[in-house]
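Asks: For reference, the sequence and a predicted model appear below.
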Amino acid sequence: MGVTDNLCMNCFEQLTAGSICRNCRFDNDSITDSLYLPRKTILAQRYIAGNVLSKESDSVTYAGYDTERRAVVTIREFLPGGICNRLEGNNDVHVRERFRKKFADYKETFIKLWRTLKGLNSLSAVIPVLDIFEQNETAYAVCEKIDSVSLRDFLIRSTDNNIMWDKARLMFMPILTTIEALHENGIIHGNINPDNLVLCRDGKVRLAGFCIGECTNASSELGFNAVPGYTALEQYNNNHKICPATDIYAFSACIYRALVGTNPPEAPAREINDKLMIPNSIAEKIPAHVIRALGGGLQIYPENRIQNVDDFRELLSAAPSVVANSATAASAAVKEIKEERKEAQPPEKKDDGKKKMIIIISAAAVVIIAALCVFLAVKFGNGGKEPTTAPSATNTAKYTVPDFCKAGYTEADIKNQASWNLQFSITFKEEYSKDVEAGIVFAQSVEANTDVDQGTAIILTVSKGIETVPVIDVGGLSREEAVKKLEELGLKVNVVTIYNDNNETPDTVRRRGGMAPAAGETVAKGDEVMIQVYGEQVTVTEPPANAGAETPQ
């Protein structure tokens, strides 16, 4: 471990001169609070605990180093404030007698939370969890260290303090799959806000800031920090219950912040005056169905709010023509969208449970009958003598093909569903799509609700996003040549004839400002490009010199 003696305990780069790191400017001789582990403490015989990075309601996060992987990590130590401390010179966590039962219960919840998160490592919006273990009378979770910037900082640096929906959509939609998976595992994040949504160097947006559920409301004895504008009403002291809609409120507030450029009003104030205003100059740039989805997600009372991620995803993804006319009709809008999509698919098979039972019973009957036939053939077809080897009977199980396209599944989501991969032979291909964001499955080779044999091949089509091309400069080219070059790029061409002042070559494209979008801009394949082409030159004929004079008789 001597190799770590000259490492900075904040970034784990080599110290080159003195205690102050030239890389991160951290002073390695600064004093550590006795509540926390001393720097260079060894955990699980492989991790080195470094500087304290942050303190949450239930834990403290240290910079760390994994000596086996030779990689920088973060180490989360369960250390809930108010019910435990650490005696100077002792790494063990000391719990006051009257809190020992609660501490043990909270610690088990902490371990369960991080084990669940580790099981979701394949999801794009999760910061990978590497290890969970107990030591020093408490528990630890080790995560990958990922370079990132918070959504809040990103938006502050953006022009006008906000972004357009086309960009926000690519950032936010993948996170819904992770939030949905958390809810399916009984986890409410409870603290989604622009500081806990982080933009990572690999281009993904990830969800951070996890704490145990006991830290997500104002009545918690572990401490609770409300984030005005993002903390839902039910997290304050009242009779409303925290539920999946709590995270939908906070996530909607993050989208609102990204699009509008300001935080939503805090929930207690909205209970008195529930006005959620968006300036007209901004509202006109946001698709109507997105505004209505935000209206459904930001309902002040949880019982009036969109209740689950699937419904919220439906609203955010919907075309404006199929969404209800009011944000208060969010549930009706979801129902309408689902009905329209249902009509476009084969009729849903009813009594799936009974059908599966019938299939199982039928399969069992076939096996029994086949076995009986073999027995009779052996017993009586061979003079009552049993052959040395008996023929075997086989039967293929049937399975109903799920709708892989409806829920916004990614390739990783489906690969991690063990049951599907046992039932079917699933492969993937990629295609561009103007309507579906990159990474999402949008087509399947076998229709949903079809009954097929086990092992049936199913090809799932994953979106590569919108295929784009740069507009080339066709200024000065002939109409025919310009149209040909643009159509070869997959663009539609709209030719507009303009006046020729006799200084331009007829039927050629105007050189400056003669294209929309302009040359060099990136557009989607199939989009229209307008080009201005000069018309024929105007011919002026002078009248004869004696024009108008009388003809002599």
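Replies: Perfect, I can see it now.

Asks: pLDDT weak spots in the stretch 301-450 of the chain?
Replies: Scanning the stretch 301-450 of the chain for pLDDT under 70 picks out the ranges 318-396, 407, 417-418.

Asks: If we use 80, what do you get?
Replies: 318-396, 406-409, 413, 416-419, 434-435, 437 (pLDDT under 80).

Asks: List the contacts of the closest residue to residue 162 other than its chain neighbours.
Replies: In this structure, residue 162 finds its nearest non-sequential neighbour in residue 261, 3.6 Å apart by CB to CB, 6 or more residues apart in numbering. Placement of C-beta: from N, CA and C, glycine included. Contacts for residue 261 (CB atoms under 8 Å, 6 or more residues apart in numbering) come out as 155, 160-162, 282.

Asks: Tell me where the stretch 451-553 of the chain has helices.
Replies: In the stretch 451-553 of the chain, the helices defined using DSSP state H, counting those that start in this stretch lie at 479-488.

Asks: Tell me if I'm right that residue 442 and residue 433 touch.
Replies: Yes. The criterion here is CB atoms under 8 Å, and residue 442 meets it with residue 433 at 5.8 Å.

Asks: quick one on the thing from earlier: the residue nearest to residue 162 and residue 164: what is the separation?
Replies: 11 Å (CB to CB, to the nearest Å).

Asks: cool, and residue 212?
Replies: Taking CB to CB, one finds residue 212 at 37 Å from residue 164.

Asks: out of those two, which sits in the more crowded spot?
Replies: Between residue 212 and residue 164, residue 212 has the larger neighbour count (other CB atoms under 10 Å), namely 26 against 12.

Asks: circling back: mutual contacts of residue 442 and residue 433, please.
Replies: residue 463.

Asks: And the strands in the stretch 51-200 of the chain, which stretches?
Replies: 59-66, 71-78, 84-86, 93-95, 129-135, 138-144, 148-150, 197-200 (DSSP state E, counting those that start in this stretch).

Asks: need the least confident one among those, by mean pLDDT.
Replies: Comparing mean pLDDT across these, the lowest value falls on strand 84-86: a mean of 86.

Asks: Quick check: can you name the pairing partners of that one and their directions?
Replies: As defined by DSSP bridges, the strand partners of strand 84-86 come to strand 93-95 (antiparallel).

Asks: Other residues contacting the strand it pairs with?
Replies: 79, 83-87, 103, 136-138.

Asks: For ChimeraX, what selects the buried ones among these?
Replies: Buried residues within the contacts of strand 93-95, by 16 or more other CB atoms under 10 Å, are selected in ChimeraX with:
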select :79,83,84,86,103,136,137,138
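
Asks: Dump the contacts of strand 93-95 to TSV, plus distance to residue 510.
Replies: Shown next, in TSV, are the contacts of strand 93-95 (distance: CB to CB, whole Å):
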residue	distance to residue 510
79	69
83	75
84	75
85	77
86	76
87	81
103	76
136	75
137	78
138	73
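
Asks: Quick check: residue 279 vs residue 429, distance?
Replies: On the measure of CB to CB, residue 279 and residue 429 end up 44 Å apart.

Asks: whoops, I mixed them up, residue 215
Replies: In terms of CB to CB, residue 215 sits 44 Å off from residue 429.

Asks: Who has more neighbours out of the two?
Replies: residue 215 (23 against 11).

Asks: residues contacting the closest residue to that one other than its chain neighbours?
Replies: Closest residue in space to residue 215, ignoring its immediate chain neighbours: residue 57 at 3.8 Å, by CB to CB, 6+ apart. Residue 57 makes contact with 80-81, 211, 215, 220, 222-225, according to CB under 8 Å, 6+ apart.

Asks: rerun at 7 Å
Replies: 80-81, 211, 215, 220, 222-224 (CB atoms under 7 Å, 6 or more residues apart in numbering).

Asks: what's the spacing between it and residue 238?
Replies: 20 Å.

Asks: cool, and residue 13?
Replies: Residue 13 is 49 Å from residue 238, by CB to CB.

Asks: do residue 420 as well
Replies: Taking CB to CB, one finds residue 420 at 42 Å from residue 238.

Asks: Neighbour count for these two, which is higher?
Replies: More crowded of residue 420 and residue 238, by other CB under 10 Å: residue 420, with 18 against 15.

Asks: Provide the secondary structure category for the more buried one.
Replies: Secondary structure state of residue 420, per DSSP: H, G, I helix; E, B strand; the rest coil, is helix.

Asks: these two touch, right, it and residue 404?
Replies: No. Using CB atoms under 7 Å, residue 420 makes no contact with residue 404, being 8.4 Å away.

Asks: Identify the contacts common to the two.
Replies: Common neighbours of residue 420 and residue 404 (CB under 7 Å, 6+ apart) are residue 414.

Asks: Can you give me every residue that contacts residue 138?
Replies: Contacts of residue 138 (CB under 7 Å, 6+ apart): 77-79, 93, 107.

Asks: Most neighbours among these, please name it.
Replies: residue 78 (26 neighbours).

Asks: ok, that residue to residue 56 distance?
Replies: Distance from residue 78 to residue 56, by CB to CB: 10 Å.

Asks: ditto for residue 501
Replies: For residue 501, the distance to residue 56 - CB to CB - is 71 Å.

Asks: that older thread, looking at per-residue confidence, what score does the residue nearest to residue 162 get?
Replies: Residue 261 carries a pLDDT score of 91 in this model.

Asks: pLDDT weak spots in the stretch 51-200 of the chain?
Replies: Using pLDDT under 80, the flagged stretches of the stretch 51-200 of the chain are 82, 87-89, 96-97, 159.

Asks: Tell me where it has helices.
Replies: Under DSSP H, counting those that start in this stretch, the stretch 51-200 of the chain gives helices at 100-119, 151-157, 165-184.

Asks: Tabulate those helices (CSV), appending distance to residue 243.
Replies: Below are those laid out as CSV (distance: least, CB to CB, whole Å):
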stretch, distance to residue 243
helix 100-119, 17
helix 151-157, 24
helix 165-184, 9
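
Asks: Mean neighbour count, the ones you listed: which tops it?
Replies: helix 165-184 (a mean of 19; mean count of other CB atoms under 10 Å).

Asks: Residue 198 touches residue 208, doesn't it?
Replies: Yes. Contact criterion CB under 7 Å: residue 198 and residue 208 qualify, at 5.4 Å.

Asks: Need the overlap of contacts for these two.
Replies: With CB under 7 Å, 6+ apart, residue 198 and residue 208 have no common neighbours.

Asks: Just give the number of residues close to residue 236.
Replies: Neighbour tally, residue 236, other CB under 10 Å: 17.

Asks: Isn't it up against residue 219?
Replies: No. The pair residue 236 / residue 219 is not scored as a contact, 9.1 Å apart, by CB under 7 Å.

Asks: Residue 209 versus the nearest residue to residue 54 once chain neighbours are set aside, what's the distance?
Replies: Using CB to CB, 6+ apart and skipping the chain neighbours, the partner closest in space to residue 54 is residue 61 (4.8 Å). Relative to residue 209, residue 61 is positioned 10 Å away (CB to CB).

Asks: What of residue 146?
Replies: 14 Å.

Asks: just residue 452 next, same as before
Replies: 43 Å.
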